[in-house]
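In: Predicted structure and sequence below. I'll ask about it afterward.
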Amino acid sequence: MGFFYYVTRRLALALPTLFGVSVICFTLTYLLPGNPAMVKAGPFATPEHLAEMERQMGLDRPWPEQYFRYVSGTVRGDLGESASTGRPVSQDFLQRLPATLELNLASLLIAIVVGIPLGVLSAVHRDTFIDHLGRVVGIAGVAMPSFLTGLLFVYVFFYMLNIAPSPLGRLESGIEPPQHVTGLYVIDSLITANWTTLRSSLHQLMLPAATLGLSAIAPVARMVRSTMLEILESDYIKAAWAAGLPRRTVIYRDALRNALIPVITISGIVFGFLMAGNAVVESVFSWPGIGNYAVTALLTKDSAPIQSFILFVAVTCVIVNLAVDIAYGLVDPRIRLS
Amino acid sequence: MSESLFVSSSTALTLMWQRLKQNPLSFAALCVIVLIATAAIFAPLVAPYAPDATDATAALESPSWRHPLGTDEYGRDQLSRIIFAARVDLVVAFAATLIAVTIGGLLGAILGYSRGWADMVAMRAVDALMAFPAFVLAMGITAGLGNSTTNVAIAISITQIPAYLRLTRGEMLRLREMEYADAARTVGNPTWRIVLIHLLPNCLPPLIVQATLATGFALLTMASLSFIGLGIQPPQSEWGVMAAEGASQIVTGEWWLFLFPGLAIMISVLAFNLVGDGLRDLLDPRMRGVR
Amino acid sequence: MTELLNISDLTVHFQINQGAIEAVDHINLTIRRGEVLGLVGESGSGKSVTSFAILRLIRPPGRVVSGNVQFDGVDLGSLTEEEMRRIRGAKIAMVSQSPRTALNPVLTVGKQISRLLMLHAGLSAREAEKRMLEMLRLVRIPAPEKRANQYPHQLSGGMCQRVMIAMALATSPELLLADEPTTGLDVSIAAKILDLLRELSARTGAAIMLVTHDLGVVAEICDRVAVMHAGQVVECAPMRELFHNPAHPYTKALVRSIPRVDRDVVLEPIPGSVPSLVNPPPGCRYAGRCEWVSDRCRVSRPPLVEAAPGHVVACYGFEEHRDAN
């Protein structure tokens, strides 16, 4: 009952945000260059033809009506047409989404696997060398533009050491993509036991994932550190020490388990971080995901893909935050059972 | 703390400055910012060459005494370009922050003080704006407004307004209940006076911290925008643009072309973050007094 | 009764920017087997620090500067960290103040008790579960099977404190350090908790060091009382002796401040406050608040001397004012 109420309330809170997001994206559509009617009518259309096209597309209707059309179109999956590929944006999107997903998940994994232990170590060894080092690395990591990280990686590992492949896409040239199951090459090639492809896809994924992951390590570590510090000072940790529990149990079971609850929250923020960073990282590594798609569209002033990308990112962020809050409720007995 | 700030917010600022001087890392970072800003202002005097002076005989030279940071494919001196680029980068970052602080701070103060339905609506709008990762929103707005330095500044400031708005509003909600706010009301001050003269100055210290950190973030956003080809366009010297130009030379090994502009961004952002962190440590009551 | 715990010359400092806080200053204290010793003082007098120091759980910026703690004939200072850990929770257990926050919020209360049994008594999961339920029954938690599967936030404060006590006593410790076990509880529940503590200690033979600021609590259950002021033990006596013949002016003031039904007195607060413990001046730390103060008190610290058999006091003026009340 309590948990159901919690989920319902949280869902209700997300609705106004989604409404706001749709209004902002709709407004951006009007700001974005390129009259959709002009795109559809072609460059040699007469003014009459153009006006006719605008009427057909409803561009002469009042704003609220256009907004309604926009929302209902979006909900039905109609994101418009890309002027440069000539295909529906939704189709292009679906094709590129797995690449982005693969990159972001790998980066999230790196951020968590490195960030959490780093945060714990900094908190446990507060004000020692480890803590200071962690802080410096963290601050530097946040200040470092991800394209610089990416370019440095490419220069060092591809150009100098030649242990990374050239930064062009998800597979080396000549290697066939695996049979489509999830669209994530690493997983698909693993499922189908296609070792050559697995090797190549991991090889290609390595640098972009490290680049994107590196930018998210610092916020994760920082959050873990501050929560851990707070928890290590709490009464129940003092009680745990006094009860003679071994150090490992106190730190990694009692304290970390409590610290992970707020860390779940930050994974929503980290996801936003990764979504924001992937446009840049994908373009550095020519990674064929939606970020790269949007960047290419920016350069050719192709508005539908840009607008869809922005909408997609915002909606995903809202949904991820929602999911995170619900997960939080599942993990924390104080919310689950109250 | 608030009471003492109320007496004079300039005292608080002096205090902040004195404390900052005691934190060597933050103080060093502040010096770096001042140094970069000075170099930018006096760029024609400081830079060894003109930023757009081409020299076909000196194309793609690696760093040397003549060209400390090397030259690009047109023989332009990288150091000079980086110094001139600092002008664009710092001006846009400062302008964006200033616009955002002013609008966000004022709106937040008014909404927090008046509360009511306008506040409700505005907060939902803030939620919606904050649902977008800042960089993605800035991308959309810049693409919409068109590529120009002013538009980049506007786009970045729009992404930052919600943070200031929330901050000031939260402070205002607290401050309006304070005794001296009552005192100011009972002696018949008009509302605008209470908000602007009596209460808003108390929000300044956290706003300054936020603004310092945000200036660094603005720099990062702008550089990333121009790196992917939005906003500031070549041949204008800007750090992100220069790094993007350098990126195309990477496969032939001209590392100095992407590295130095990238480092310029990183060092500036780092400096702003360190100053902001230092200021925050001074202001966070939980950090103070502990040990 | 034989000695169980002997603290001698214990000093604990906390390093801060302005210098060292001398939180516990050269204290001597003895706890005998099976007795209930009350450690009384205002907040900031070093009572809780003392119990953490016994368990060797003082962490930076705190530091044990001097002293020696003998438990059951063993010098706790000489043990390795691992040996010390085996004593914590097993032979010396602690009941913390604020029961609601001293239980881990993400573990069920049953699990929190049974894991200690598995750790310290080497029980299997099933045995530990059985023993855990026995303990919950012992501390009179109704429907223990149901409660065991609940989380701390689902229990009341009094219930949490019972769980804490069950947890502390589960491993049959010889010494229980109870740090303000009744703060934040209703008066009636507090009384029940105290009854429970006394009854269980009598049954298991565990000694209790009861840290409190409340002389009323002391009167309920203690055999002997040590009074702390500003990090120093100023007086130590059997409970009745202390209440009837307090020797130290601070104790007298504390006793006077207990509200009583049989006597119609105006409550008088103790003048002044605990002096700053950062680089305190030499001499008696009560001198600044004391009505009997003399020049000698300000320059040298009065030693603990015997006022009556089993009754020690640290005051230069007590002889002179023996009969004043």
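Out: Arrived safely, thanks for sending.
In: show me where pLDDT drops low in chain A?
Out: For chain A, the stretches flagged by pLDDT under 70 are A:1-2, A:30-43, A:57-58, A:335-338.
In: Any chance you could note which residues of it sit beside chain C?
Out: Within chain A, the positions near chain C by CB under 8 Å from any CB of the partner chain are A:234-236, A:238-247, A:254, A:257-258, A:261, A:331-334, A:337-338. For every residue, glycine as well, the C-beta is placed using N, CA and C.
In: And the pLDDT for whichever residue of chain B sits closest to chain A?
Out: Using CB to the nearest CB, the single residue of chain B nearest to chain A is B:A128, 2.3 Å away. We have a pLDDT of 89 for B:A128.
In: C:G272 now?
Out: The per-residue pLDDT reported for C:G272 equals 68.
In: so what's residue 320 up against?
Out: No chain specified, so I'll use chain A. The contact partners of A:V320, by CB atoms under 8 Å, 6 or more residues apart in numbering or on different chains, come to A:G268, A:F271, A:G272.
In: that answer is for a different chain, and I need it for chain C
Out: Taking CB under 8 Å, 6+ apart, we find C:E320 in contact with C:W292.
In: Tell me the secondary structure at it.
Out: Using DSSP: H, G, I helix; E, B strand; the rest coil, the structure places C:E320 in coil.
In: and it, what are its phi and psi?
Out: phi -60, psi -40 (degrees, to the nearest 10).
In: Could you measure from it over to chain B?
Out: 43 Å (CB to the nearest CB, to the nearest Å).
In: That residue and C:V299, how far apart?
Out: Using CB to CB, to the nearest Å, C:E320 is found at 18 Å from C:V299.
In: that older thread, what count of nearby residues applies to the residue of chain B closest to chain A?
Out: By other CB atoms under 10 Å in any protein chain shown, the residues close to B:A128 number 22.
In: rewinding a little: show me which of the contacts of A:V320 neighbour chain B.
Out: Taking CB under 8 Å from any CB as the test, chain B is in contact with A:G272 out of the contacts of A:V320.
In: is it true that B:L111 touches B:Y164?
Out: No. Applying CB atoms under 8 Å as the test, B:L111 and B:Y164 come out as separate, 11.7 Å apart.
In: just checking, B:V209 touches B:L283?
Out: Yes. Using CB under 8 Å, B:V209 and B:L283 qualify as a contacting pair, with a distance of 6.1 Å.
In: Among the two, which residue is more densely surrounded?
Out: Higher neighbour count among B:V209 and B:L283: B:V209, with 22 against 18, using other CB under 10 Å.
In: Phi and psi next, for that one.
Out: Main-chain torsions, B:V209, degrees, to the nearest 10: phi -60, psi -50.
In: That one: what's it in contact with?
Out: Residues near B:V209 by CB under 8 Å, 6+ apart: B:G276, B:L279, B:R280, B:L283.
In: Remind me which helix or strand the third one belongs to.
Out: Assigned by DSSP states H and E, B:R280 falls within helix B:255-283.
In: Beta-bridge partners for the residue lying closest to A:R87 once chain neighbours are set aside, please?
Out: Leaving aside its chain neighbours, A:R87 sits nearest to A:E81 (7.0 Å; criterion: CB to CB, 6 or more residues apart in numbering or on different chains). On the basis of DSSP bridges, A:E81 is bridged to A:P88.
In: Could you check how far A:E81 is from A:G73?
Out: According to CB to CB, A:E81 stands 12 Å off from A:G73.
In: Kindly report the same for A:A255.
Out: In terms of CB to CB, A:A255 sits 50 Å off from A:G73.
In: Could you do C:N104 as well?
Out: Distance of C:N104 to A:G73, computed by CB to CB: 51 Å.
In: Of these two, which one has the most company?
Out: Neighbour totals were compared for C:N104 and A:G73, and C:N104 leads with 24 against 12 (other CB under 10 Å).
In: Just the buried residues of the residues of chain A next to chain C.
Out: A:234-236, A:238-245, A:254, A:258, A:261, A:332-333 (16 or more other CB atoms under 10 Å in any protein chain shown).
In: which regions of the stretch 201-325 of chain C lie under the pLDDT threshold?
Out: Applying pLDDT under 70 to the stretch 201-325 of chain C picks out residues C:259-275, C:323-325.
In: could you show me where the strands are in it, in order?
Out: C:207-212, C:224-229, C:232-238, C:305-308, C:311-313 (DSSP state E, counting those that start in this stretch).
In: Just checking the distance from the first one to the centre of its chain.
Out: Here strand C:207-212 shows a centroid-to-chain-centroid distance of 4 Å under the convention CA atoms, centre = their mean, to the nearest Å.
In: what does the fourth one give?
Out: In terms of CA atoms, centre = their mean, the gap separating the centre of strand C:305-308 from the centre of its chain is 23 Å.
In: Provide the strand pairings for that strand, with the direction of each partner.
Out: Counting by DSSP bridges, strand C:305-308 is paired with strand C:311-313 (antiparallel).
In: and C:D25, helix, strand or coil?
Out: C:D25 ends up strand, using three-state DSSP.
In: was I right about it contacting C:V234?
Out: No. Counting by CB under 8 Å, C:D25 does not reach C:V234; the two are 11.0 Å apart.
In: more neighbours, the two?
Out: Taking neighbours as other CB under 10 Å, C:D25 and C:V234 compare with C:V234 leading, 26 against 22.
In: can you pull the contacts of that one?
Out: C:V234 neighbours (CB under 8 Å, 6+ apart): C:V227, C:M228, C:H248, C:Y250, C:T251, C:Y286, C:V313, C:A314, C:C315.
In: hmm, which two among the residues you listed are most spread apart?
Out: The most widely separated members of these, counting by CB to CB, are C:M228 and C:C315 (14.1 Å).
In: closest to A:Y155 among the buried ones among the residues of chain A next to chain C?
Out: The shortest approach to A:Y155 among those belongs to A:I261, at 40.4 Å (CB to CB).
In: How about that closest one: what's its closest non-neighbour residue?
Out: With CB to CB, 6+ apart as the criterion, A:I261 has its nearest non-adjacent residue at 5.1 Å, and that residue is A:D332.
In: can you pull the contacts of the one you found?
Out: Residues in contact with A:D332 (CB under 8 Å, 6+ apart) are A:I261, C:P105, C:V106.
In: I'd like to know how many residues surround A:E172.
Out: Counted with other CB under 10 Å, the neighbours of A:E172 add up to 16.
In: these two touch, right, it and A:H203?
Out: Yes. Contact criterion CB under 8 Å: A:E172 and A:H203 qualify, at 7.3 Å.
In: Now do the shared contacts for the two.
Out: Residues touching both A:E172 and A:H203 by CB under 8 Å, 6+ apart: A:P165.
In: Tell me how far C:R32 lies from chain A.
Out: Taking CB to the nearest CB, one finds C:R32 at 22 Å from chain A.
In: That residue pairs with what?
Out: Applying DSSP bridges, one finds that C:R32 bridges with C:E3.
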